[in-house]
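1. based on what follows, work out the 3D shape:
(3 chains)
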Amino acid sequence: MKKVRRFLAGGLVFAMAVSLIGCKSTGEVSKNADTKGTAASEASEAAGGKEEFKTTYGSKKFDDVTITVEVFDRSNAPEGSTVIDNRWTKYINQEMNKVGITVKFVAVPRADEVNKAQLMMASGTGPDIMICYTSSIVEGFYKDGGTYDLSPYVDGEDQAKNLKEYIGKDCMDLGRNQQGELWAIPARRSTTASTNLFIRKDWLDELGLQAPTTKEEMYHVLQEFKKYKPDSFAASFWVCTKASDIAGVMATSFLKNVKDEKAYAIEADSATSLIYMDPGFGEYFKWMNQLYNEGLIDPEYYVDTTENALKEDFVNGKVGCFESNVNYNVDSLRGSLLKVLQSTDPKADVISIPPIKNDNDGEIYNKNYPINGAYLFIPQSAKNVEAAVTYLDWLATKEGGFTIFHGFEGEHFKYDDSGVPCVIDAGFNTKDKDWTRHDLFLIGNQGYYKTADEFALATSKECPGYENYVLDNFKNASVGIIRHDPTFTAPTSTEKNTEISVIREEYFVKLVTCQPDKFDDTLQEFKDKLKKAGYDQIIKERTDYYDGVFAGK
Amino acid sequence: MKNMSVSKKRTINWGTVINYLLLTILVVICFYPFLNVVAYSFSSNRAVLSGTVTFFPIEMQLDAYKEIVHRGQIWTAMRVTVLVTLLGTAIGLILTIFAAYALSKDKLKGRKWISGMILFTMYFNGGIIPTFLVIKNLGMYDQLTSLYIPSAVNVFNFIVMRTFFREIPKSLEEAAYLDGATDVQILFKIVLPLSMPIIATIGLFYAVYYWNDYFNALIYIQSPEKYTLQLRLRSLLFAGELGAAGNEGLGQQVMAEALKMACIVVGTVPILAVYPWLQKYFVKGVMLGSVKG
Amino acid sequence: MKWAKQRLAGYRSRHSDSKNIWFYIWRDKWLYLMLAPVITYYIVFKYVPMYGLIIAFKDYNVFKGISGSKWIGILNFKQVFQTDLFWLSIKNTLMLNLFTLAVNFPLTILAALMLNEVRCPLFRRVSQSFLYLPHFMSWVVVAGIATNLFAQTDGSVNQMIKHLGFNAVPFLNNNGWWVFTYVICNVWKEIGWGTIIYLAAITGIDESLYEAAYIDGADKVQRILYITLPMIRSVIIVMLILSISKMMSIGLDAPLLLGNTKVINVSEVISTYIYRLGIVKAEYSLSTVIGLFQSAVNIFILILADRFAKMIGEEGIL
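-> From the prediction side, this is the model:
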């Protein structure tokens, strides 16, 4: 006992003694709550018209300022250059030097970038402009006082003109909180198309069937598929698995509240909210339960937590109808799956079809991404926010983002008849520019495009031989009434995420795999558990938020 | 080899046969998945996607490896990792030997306190952020030293080595003391020669730890030329992955599947080669003529 | 008076406590010198950051820093302890660790013994080098292989089972079987690597002991039972104590990648719980609380295990 006591006591005394020293000597991020106050008072001064920040590129010459910008490192820099020192970083500096700004890039490995971002924020070593895809994390930084409110740099009439024009008011507002403060500048998506419903056209043709447009037709087609190919899976629809907590486009056709934009915004942030708020979603799962028990989908669908099973089934010709990301069948980034399938089975053909008509009112509703992509934010450790925002503004110009993304005319692209920039030599572009263009062009997801059609057209040129597929895919993902995914995350949802995620994972799989007669009880159990976990509070917060948003419209 | 002098007859009894048989089965079970990964890394994209590769590559091609080799950064990263591994193992071994030897001596005053203080750290640690701040304040952020110094002594390794040191017969040391040897001389002339197997083992443990380390490089290193191999490989895998919430989009053709497998092979094979080389140290120290009983 | 002083001086000189501490430091100066860098290392890199543990008692805001964050006492602890999921994850952690230890520990020793009995040097070298390959494979790959292998519908293992006339076994979708699969995968992954330490220990056994036993007529099994095992007893005990004292800790990769939503009631462990906590927002305070809890329980188990070892005559590690 004596030895044990010595051991414990030794450790504790040591720890306490040293920790007292440690408390004083470690230089943590100093209390920055003050800095936020300074920024606020600066802002009110600016509003008073005294010294407004000039953030439109060209409107101010800076006095030799250096800013740091985050750039993802995908380990794909060609010989002789690194992700922070290459032809394009030189070009950027060449242009920015004209207004007295030097841009230094800070590499962040693409893998685990959220971990790294959080550490950088905690230690004050982050670059001036940072990027993150999760809104709750970024807004959390702001609430904790770690980032700047950007509205004093952007909202003024003469401020950040190029940036505002490119991003657009609707998208920019997604980075605002209810007080109108801008906690991040959201990048704009070139296209919000998100999902496609795919089907084996050759199987349809051989069975003499038409592509299904209603739920009943779909069911009939699936049954025929199963009879025709008993070793394959007739269907693979999105069912809430560990990997994803959102509803697919097939589910959208069951929803009852989708016709009301506000009601949809409140309920559609996650599959959990949907099951809680929309009886139609329960109907979808009942339908999935039926499909499962009739052997129309993979009995072990829940085992795979990556998307490998679907890829494998696709390429081996073992799935008849499925939904996945837009352009999944021919996208080279997914592996040009259709090309691979056709190399072993030349008759095979996988096409996308428009979403199924909604069960309640016969309309086609198309689930789309929100209009924003990543969130750009500026930590309190940044010394010159004005210069940073000016850089973002420059990225929206033709010399800026357009050139970084598309390159120089004649060298990387030429204009076609409709004025769309088209690739000259894809191989050259890949080595010279494409490996980093998305990461340098921060303010737009997928690239610098004026419209979604432009994007679809340009993308189709990147899939030689399958151009029409690409155009059809994007068309099908945009047809009908579009419903964007809501971006607001209720605070309680963040707080209770741990318990709720376990409840939902447990019950969604139960809903699908249980015996049909137990379905209703299981669904009720599920909802009761959610209620007990406090889901009503989450719904209330969402309702309050969207009441405010829609009242302003 | 063990017990060679004992069994001079060459009888093949059932025990031996079963022993060899079971071990062979175990070896095959352990080896097959690795062989599988290697086969995948040499296979075509189509074969990898369809999941049909077993022992041999299907539609063999070297593209995945070419992709890795042509990334000059992989070689830089490999150099960094080798350097860190060598330095880290050397420092770790030296410090661990010192600590284990000193604390294996009963006569040392304060032995229990110091051991306790070391053991305590195996259970309680301050967390990522405070450790990060200490490292940053020491000026080690974005320096290679942050990779091999903060992990210098591993408590588990220390305990194991200390246990081995205590197994050495005290009579040997007492005889040396009588001859006027100091603690240092005993360490280098008696203890170390007799402990080659455990030193080789702990050295291997440290080497593998440093070779595989990914997390420390992720949080402490910023300059691309100082990235370690594991960090590079991991980022390379993500070159073909798409961002959260949909299409980030990249303009390059990447053979993601075979590439993943090739990355695993490149990241593992070099360190695998170390153990067979170390096996020659797995012989006991010479005890002939030493004190018996 | 004088004789009292003399007796006191005599008493003092016989008891080491009365000798000057510097006497000992000078006598063992080399040893203390060796320890100096080690102790410095631990202070700087382990003890100085330990003030971070205080985050558990604060409402930690990374930007206000540790000193600037608000003190909230045991509120964080209350929050964690009142969550059902927390207790479920503790139960699963203990269960999975116990089963894994119970299977892995004896099998590793057995494998080491088996390897030791191999005469042919080539076979021995080759098998040792191959046996530890799984240790180097990341769980991402292992889990991928395992999910394919053990699938109920067309996994290779079940295909063999069906061939033999039995029903397919739900290795991955049934709670009980999943634990079995988890343990098997862990054993497969670590058994080869685990033999290294035991082999190093066995190498140090004096040859003459075996010779003497052989002369006395002991057969191979008896030699193993009465010489090999007892001679490596202290290593076995130390390894056992160290393993047991990690009962409350578990890696993240294995349960996360092998688990799926169907078996969530057995696959949710402490590490996945912390992982979930961190997904939407970094929860440093709560994860520190959980870490403290784990450490406290582990140390408690360590002390018990060490006591037990001392009771059966071994040295233990404290």
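2. need the three-state assignment for the residue nearest to the spatial centre of chain A.
-> By C-alpha atoms, centre = their mean, chain A has its centre lying nearest to A:Gly373, at 5.5 Å. Here A:Gly373 takes the strand state, with states given by DSSP: H, G, I helix; E, B strand; the rest coil.
3. pretty sure it is touching A:Ile185, no?
-> No - counting by C-beta atoms under 8 Å, A:Ile185 is not a contact partner of A:Gly373; they are 11.0 Å apart. Glycine gets a C-beta too; all of them are placed from N, C-alpha and C.
4. which ones are touching the closest residue in space to B:Lys107 that isn't next to it in sequence?
-> Setting aside the residues directly before and after it, B:Lys107 is nearest to C:Asp28 in space (C-beta to C-beta, 6 or more residues apart in numbering or on different chains), at 6.9 Å. Neighbouring residues of C:Asp28 by C-beta atoms under 8 Å, 6 or more residues apart in numbering or on different chains: B:102, B:105, B:107-109, B:183.
5. same question for A:Glu294.
-> When the contact criterion is C-beta under 8 Å, 6+ apart, the partners of A:Glu294 are A:223, A:226.
6. packing partners of the longest helix anywhere in chain C?
-> Across chain C, the helix with the greatest residue count (assigned by DSSP state H) is helix C:84-116. The helices and strands touching helix C:84-116, judged by 3 or more C-beta pairs under 8 Å, 6 or more residues apart in numbering or on different chains; DSSP states H and E, are helix A:497-513, helix B:14-41, helix C:121-131, helix C:175-203, helix C:233-244, helix C:264-267, helix C:270-280.
7. any low-confidence regions in the stretch 201-318 of chain C?
-> In the prediction, the stretch 201-318 of chain C carries no residues with pLDDT under 70.
8. for chain B, what are the nearby residues on it?
-> Among all residues of the stretch 201-318 of chain C, those adjacent to chain B (criterion: C-beta under 8 Å from any C-beta of the partner chain) are C:201-208, C:210-211, C:214, C:220-221, C:223, C:234-235, C:238-239, C:242, C:284, C:287-288, C:291-292, C:295, C:298-299, C:302, C:315, C:317-318.
9. buried only: go through these for me.
-> For those, a neighbour count by 16 or more other C-beta atoms under 10 Å in any protein chain shown gives the buried set as C:201-205, C:210, C:214, C:220, C:223, C:234-235, C:238-239, C:242, C:284, C:287-288, C:291-292, C:295, C:298-299, C:302, C:317-318.
10. and the stretch 101-250 of chain A, which of its residues are near chain C?
-> Residues of the stretch 101-250 of chain A found near chain C (C-beta under 8 Å from any C-beta) are A:118, A:121-122, A:134, A:136-137, A:140-141, A:144-146, A:241-242.
11. now do the contacts for the residue nearest to A:Gly295 when sequence neighbours are not counted.
-> Beyond its immediate neighbours in the sequence, the residue positioned closest to A:Gly295 (C-beta to C-beta, 6+ apart) is A:Lys226, lying 6.8 Å away. Contacts for A:Lys226 were tallied using C-beta under 8 Å, 6+ apart; they are A:234, A:294-296.
12. which of those fall in strands?
-> Cross-referencing the contacts of A:Lys226 with the strands (criterion: DSSP state E) gives A:Ala234 as the overlap.
13. ok, for the residue nearest to the centre of chain A, nearest residue in space, not its chain neighbours?
-> The shortest distance from A:Gly373 to any residue that is not its chain neighbour, by C-beta to C-beta, 6+ apart, is 3.0 Å, and that residue is A:Asn445.
14. what comes up buried for stretch A:445-458?
-> Buried residues in stretch A:445-458, counted by 16+ other C-beta under 10 Å: A:445-449, A:452-458.
15. out of those, which comes closest to chain C?
-> The shortest gap between chain C and any of the buried residues of stretch A:445-458 belongs to A:Asn445, at 20.8 Å (C-beta to the nearest C-beta).
16. test my guess that the closest one contacts A:Ser190.
-> Yes - in this structure, A:Asn445 sits in contact with A:Ser190. The criterion is C-beta under 8 Å, and the distance is 6.5 Å.
17. returning to what we had before: buried residues in the longest helix of chain C?
-> Going through helix C:84-116 with 16+ other C-beta under 10 Å, the ones that come out buried are C:85-86, C:88-90, C:92-94, C:96-97, C:100-101, C:103-105, C:107-109, C:111-116.
18. what of stretch C:251-268?
-> Neighbour-count burial for stretch C:251-268 [16+ other C-beta under 10 Å]: C:254-264, C:266-268.
19. out of those residues, the closest to C:Tyr182 would be?
-> Relative to C:Tyr182, the closest of the buried residues of stretch C:251-268 is C:Leu258; by C-beta to C-beta it sits at 5.9 Å.
20. can you tell me the SS state at the residue lying closest to that closest one once chain neighbours are set aside?
-> Leaving out its chain neighbours, the residue that sits closest to C:Leu258 by C-beta to C-beta, 6+ apart is C:Ala143, at 5.0 Å. Look at C:Ala143: counting by three-state DSSP, its state is helix.
21. same check on A:Phe198?
-> Following three-state DSSP, A:Phe198 is assigned to strand.
22. ok, A:Thr68 next?
-> Reduced to three states with three-state DSSP, the structure at A:Thr68 is strand.
23. now swap in the one 3 residues further on and tell me
-> Classification of A:Val71 by three-state DSSP places it in strand.
24. quick one: contacts for it?
-> When the contact criterion is C-beta under 8 Å, 6+ apart, the partners of A:Val71 are A:83-84, A:105-108, A:436, A:439-440.
25. number of nearby residues for the residue in the stretch 451-553 of chain A that chain B sits nearest to?
-> Across the stretch 451-553 of chain A, the shortest distance to chain B (C-beta to the nearest C-beta) belongs to A:Glu462, at 7.1 Å. Each residue near A:Glu462 was counted by other C-beta atoms under 10 Å in any protein chain shown, and the total is 21.
26. that one contacts A:Asn429, correct?
-> No - applying C-beta under 8 Å as the test, A:Glu462 and A:Asn429 come out as separate, 9.6 Å apart.
27. how far away is the nearest residue to A:Ala458 once chain neighbours are set aside from A:His406?
-> Spatial nearest neighbour of A:Ala458, excluding adjacent residues (C-beta to C-beta, 6+ apart): A:Val420 at 6.1 Å. Look at A:Val420 and A:His406: by C-beta to C-beta, to the nearest Å, they are 10 Å apart.
28. more neighbours, the two?
-> The residue with more neighbours, out of A:Val420 and A:His406, is A:His406; 24 against 19, by other C-beta under 10 Å.
29. contacting residues for that one?
-> Residues in contact with A:His406, defined by C-beta under 8 Å, 6+ apart, are A:412-413, A:421, A:447-448.
30. from those residues, pick the one nearest B:Leu49.
-> Within the set of the contacts of A:His406, A:Gly447 lies nearest B:Leu49; the separation is 26.6 Å, counting by C-beta to C-beta.
31. touching, that closest one and A:Phe405? I think so.
-> Yes - distance between A:Gly447 and A:Phe405: 4.9 Å, which falls inside the contact criterion (C-beta under 8 Å).
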